[in-house]
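Participant: model the structure of this input:
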Amino acid sequence: MSQIIRHTQSVCPVCLKRLPADIVRDGQEYFLEKTCPEHGRFSAVVWRGDAPSFEAWGDYVPPEDDGAPDCPASCGLCPAHLRKTCCALVEVTARCNLKCPVCFADAGGGSGEPTVGALYDIFRQLVRQGNTFVQLSGGEPTVRHDLPEIVAAAKKAGCENIQLNSNGLRLGADPAFAKALKDAGLSFVFMQFDGTEDGIYEKLRGRPLLAEKKAAIRVCGELRLGVTLVPTVVPGVNDHNIGDIVNFALRGSPAVRGVHFQPVSYFGRYPKAPENKDRITLPEVLCAVERQTGGTIKVSDFAPSCCDHPRCGFHGDFVVLPKGMLLRLTNNKKSSCCGDDAHLKNRSFVSRRWTRTDDGAPDPEGADYRDMDTFLKRVRSHGFTISAMAFQDAYTLDLERLRTCSLHVFRDGRVIPFCRSYLTSMDGNRAGT
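Facilitator: Model (predicted):
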C-alpha cells in the first residue's frame, strides 16, 4: 500500500506551472507525484531500495515554508534559495564536436559565442560576488581555439579554481592545446567518460570513443592535469559497467582523481514521459558500486552530498595506496552543512581532491604509511573521490531540493540553480529565465 511521506512543490512537465506534489512510498520505491488541472497526473521514481534508506539518508531538516510564491519561475537566485554558490558554470559555446542524444546542452538554448572580453567581465562579476570556482562548459568548450585565452582571462579575473567540462576528444588529439590550457591556469578536467566498452559510446555518443578517452587521460596525466571521469548512467546501457569504471579510474590514479556519476535525466523534447525503467536512482548506483567491485567499496563508505540536498548526491573520499589498496577517508558523522560557509568548505574539498599535486615521482621503496607525514603526502598525491549528482528534470523536479542547490549557471547576469537553468517542458521548450 502506498503512503505519502511528505508534501513538496514541483512543476507540470507540459506547461511548467508550479504544482503541489507528494513524495509517495510504495514498498521500497519512492515516487514524486503531482497532478496538473489541465494536463493530468504524473509520477516518476526518485529512489529505489533501502541501502541507504530514503528517510535515514542525511540529517536534512526540511524548511517550514514552500518557498517564494513564484519560485522556480523567478530563480536567479530567488529570495527563497537556501544555498550560496559552490561552483558557477559559464557556457563559452553552444557548438559541439559530438551529437549525443543525452545532453544538457541541448536544453540550454543557443546564441552567439561570448568574446574573451565579455567572458572576462563575467568572471570579474562572479569573483566580486565571491564565486571563485568556475566551470567552463558548453556545448564542447574545446571547439573554441581561443579557450586558453578564456582560461587566462578567468585566472586574471581572480578565479582560484578553473574546471573544464569536456568530452576530452581534442585534449587527446592535440597535446599542445592541452598544454596551453594547463599553462594558462586550468585547474582540472571534468571529463565525460561513460564506460570501458566501445558499445556504450556507440549507444550514448554515436560512435566508439574509448581509445580517444584513454588518449585524453594519458595526455592530461603527462601534463599532471587532474582528470575526474564523469559517466552518465543509463539503465540497460552502462549500469552493468559501474564497477569497471571505478576500477579503471583507480588504476589511473593519480592522473585520475575520481569518478562523478550522473544518473540520466531527461531534458529536451520527450513527447512521452520517460518510463520508470528508464531511470536509475542514487541507492541503485551505490549498490552497483559495492556489488560490482566485489565489496571492495561499500555503500557504508559514502555520505550524502555535503553542500546540497542529501537526495541530490553522494560522495566517498579515499586514498589509493600501493598494490591497489584503497583506504576510506569519508567522514560519515552526521553534521549540518547549512551554515553560511558550507559552499566554501565544499569548494575547498573539491579543489584539494581534484587538483593534481604530486611531482610524478613514485613513493620511496618501503614507504611507511603509518608515519603521519608520509600518509598525508599520499593523501594529497593519491586522493580519490567517488561521487554522484542526481539532476532533476521536469518529471522529478522537487522544489525543496532545488532550493538547496549550490551548482549554479551564470546566465543573463544572474546565477541560476543548475536544474532550473536547464529545465525544459516535455516538448523541449526551456523555462524562461
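
Participant: residues in contact with the most centrally placed residue in the chain?
Facilitator: Nearest to the mean C-alpha position of the chain, counting by CA atoms, centre = their mean, stands residue 389 at 4.7 Å. Going by CB atoms under 8 Å, 6 or more residues apart in numbering, residue 389 touches 260-262, 305, 308, 312-313, 407. From N, CA and C alone the C-beta is placed, and that goes for glycine too.

Participant: now those residues as TSV including distance to residue 298 and neighbour count?
Facilitator: Shown next, in TSV, are the contacts of residue 389 (distance: CB to CB, whole Å; neighbours: other CB atoms under 10 Å):
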residue	distance to residue 298	neighbour count
260	19	21
261	16	25
262	21	20
305	18	23
308	23	27
312	21	25
313	18	24
407	27	23
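
Participant: just curious, which of those residues is nearest to residue 375?
Facilitator: Within the contacts of residue 389, the smallest distance to residue 375 is 25.2 Å, found for residue 260 (CB to CB).

Participant: which helices and strands sit right next to the one helix or strand that closest one maps to?
Facilitator: Per DSSP states H and E, residue 260 falls inside strand 256-263. Counting contacts by 3 or more CB pairs under 8 Å, 6 or more residues apart in numbering; DSSP states H and E, strand 256-263 packs against strand 226-230, strand 232-233, helix 242-251, helix 282-292, helix 342-354, strand 383-389.

Participant: now for the first one, which elements pack on it?
Facilitator: Right, strand 226-230. Strand 226-230 packs on strand 188-192, helix 210-222, helix 242-251, strand 256-263, going by 3+ CB pairs under 8 Å, 6+ apart.

Participant: one step back: distance-wise, check the residue nearest to the centre of the chain relative to residue 405.
Facilitator: Distance, residue 389 to residue 405, using CB to CB, to the nearest Å: 10 Å.

Participant: find the residues that touch each one of these two.
Facilitator: Joint contacts of residue 389 and residue 405 (CB under 8 Å, 6+ apart) are 308, 312.

Participant: so for residue 38, what's the nearest residue that isn't a sequence neighbour?
Facilitator: residue 15 (6.6 Å; CB to CB, 6 or more residues apart in numbering).

Participant: ok, now which ones touch that neighbour?
Facilitator: 36, 38-39, 425.

Participant: just these now: which is nearest residue 285?
Facilitator: For these, the nearest to residue 285 is residue 425 (27.1 Å; CB to CB).

Participant: before we move on, the earlier item: select from the contacts of residue 15 the one having the most neighbours.
Facilitator: Neighbour tally across the contacts of residue 15 (other CB atoms under 10 Å): the maximum, 19 neighbours, falls on residue 425.

Participant: can you pull the contacts of the closest residue to it other than its chain neighbours?
Facilitator: Excluding the flanking residues, the one nearest residue 425 by CB to CB, 6+ apart is residue 16, at 5.2 Å. When the contact criterion is CB under 8 Å, 6+ apart, the partners of residue 16 are 394, 423, 425, 429, 431.

Participant: helices or strands next to the host helix or strand of residue 126 in the packing?
Facilitator: Here residue 126 sits within helix 116-128, counting by DSSP H and E. Secondary-structure packing of helix 116-128 (3+ CB pairs under 8 Å, 6+ apart): strand 87-91, helix 147-157.

Participant: figure out how far it is from the centre of its chain.
Facilitator: 23 Å (CA atoms, centre = their mean, to the nearest Å).

Participant: now swap in stretch 282-297 and tell me
Facilitator: For stretch 282-297, the distance to the chain centre is 19 Å (CA atoms, centre = their mean).

Participant: which residues touch that stretch?
Facilitator: 47-52, 233, 239-240, 242-244, 246-247, 261, 263, 298-299, 302, 311, 313-314, 316, 318, 326, 386, 388, 390.

Participant: buried ones among the residues you listed?
Facilitator: 47-49, 52, 233, 239, 242-243, 246-247, 261, 263, 299, 302, 311, 313-314, 316, 318, 326, 386, 388, 390 (16 or more other CB atoms under 10 Å).

Participant: in the protein, which spans are helices?
Facilitator: 116-128, 147-157, 169-173, 175-184, 198-204, 210-222, 242-251, 282-292, 342-354, 372-382, 399-402, 418-421 (DSSP state H).

Participant: which outside residues touch the first one?
Facilitator: To tie it back to what came earlier, the one meant is helix 116-128. If you take CB under 8 Å, 6+ apart as the criterion, helix 116-128 is touched by 88, 90, 92, 114, 132, 134, 146, 149-150, 153-154, 156-159, 410, 413, 415.

Participant: make it 10 Å
Facilitator: With CB atoms under 10 Å, 6 or more residues apart in numbering as the test, helix 116-128 has contacts from 85, 88, 90-92, 113-115, 131-134, 136, 144, 146-147, 149-150, 152-160, 162, 408, 410-411, 413, 415.

Participant: buried subset of those?
Facilitator: 85, 88, 90-92, 113-114, 131-134, 136, 144, 147, 149-150, 152-155, 157, 159, 162, 408, 410-411, 415.

Participant: residue 396 against residue 267, yeah?
Facilitator: No - contact between residue 396 and residue 267 fails when scored by CB atoms under 10 Å: they sit 11.4 Å apart.

Participant: now residue 173: how far from residue 66?
Facilitator: Distance from residue 173 to residue 66, by CB to CB: 50 Å.

Participant: before we move on, what about residue 289?
Facilitator: In terms of CB to CB, residue 289 sits 35 Å off from residue 66.
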